[in-house]
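Student: Give me a 3D structure for the following:
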Amino acid sequence: MFIKFNVYGQKMSVQRKGDEWLLFKESDTSMRARVYDVVVPSDLKEQELRTYLADIYHEFARSEFPDVVEI
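Tutor: As a prediction, the model looks like this:
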């Protein structure tokens, strides 16, 4: 199962696979690319993902996309 987010205008998804969280960028054509340079802590709870992504990507915030939203 993929949990989808709008991360300051960038569509992203997170998937739990075994003991780890995998992060992906989503395209408008439904293509998915794995993000390897961000590691989501394996002990993070699902309800903490939005806050974690907001902390990691906060420099991309702008007036039209001021927050991370689960979609």
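
Student: Going by C-alpha atoms from here, please, whenever you check contacts or count neighbours.
Tutor: Will do.

Student: residue contacts, residue 12?
Tutor: Contacts for residue 12 (CA atoms under 8 Å, 6 or more residues apart in numbering) come out as 4-6, 23-26.

Student: How many residues are close by the nearest residue to residue 24 once chain neighbours are set aside?
Tutor: Using CA to CA, 6 or more residues apart in numbering and skipping the chain neighbours, the partner closest in space to residue 24 is residue 34 (4.3 Å). Using other CA atoms under 10 Å, residue 34 has 14 neighbouring residues.

Student: contacting residues for residue 34?
Tutor: The contact partners of residue 34, by CA under 8 Å, 6+ apart, come to 22-25.

Student: which ones are touching residue 9?
Tutor: By CA under 8 Å, 6+ apart, the residues touching residue 9 are residue 65.

Student: Please repeat the previous calculation with a cut-off of 10 Å.
Tutor: Residue 9 sits next to 60-62, 64-69 when contact means CA atoms under 10 Å, 6 or more residues apart in numbering.

Student: of those residues, buried ones?
Tutor: Listed as buried from the contacts of residue 9 are 67-69; burial here means 16 or more other CA atoms under 10 Å.

Student: which residues are contacting stretch 63-71?
Tutor: In contact with stretch 63-71 (CA under 10 Å, 6+ apart) are residues 3-13, 49-55, 57-58, 60-61.

Student: Give me the buried subset of those residues.
Tutor: Buried members of these, scored by 16+ other CA under 10 Å, are 4-9, 11-13, 49-50, 53-54.

Student: Which pair of those residues spans the longest distance?
Tutor: 9 and 49 (16.4 Å; CA to CA).

Student: what bridges to residue 68?
Tutor: Residues in a beta bridge with residue 68, per DSSP bridges, are residue 7.

Student: same thing with residue 21?
Tutor: Residue 21 has these beta-bridge partners by DSSP bridges: residue 16.
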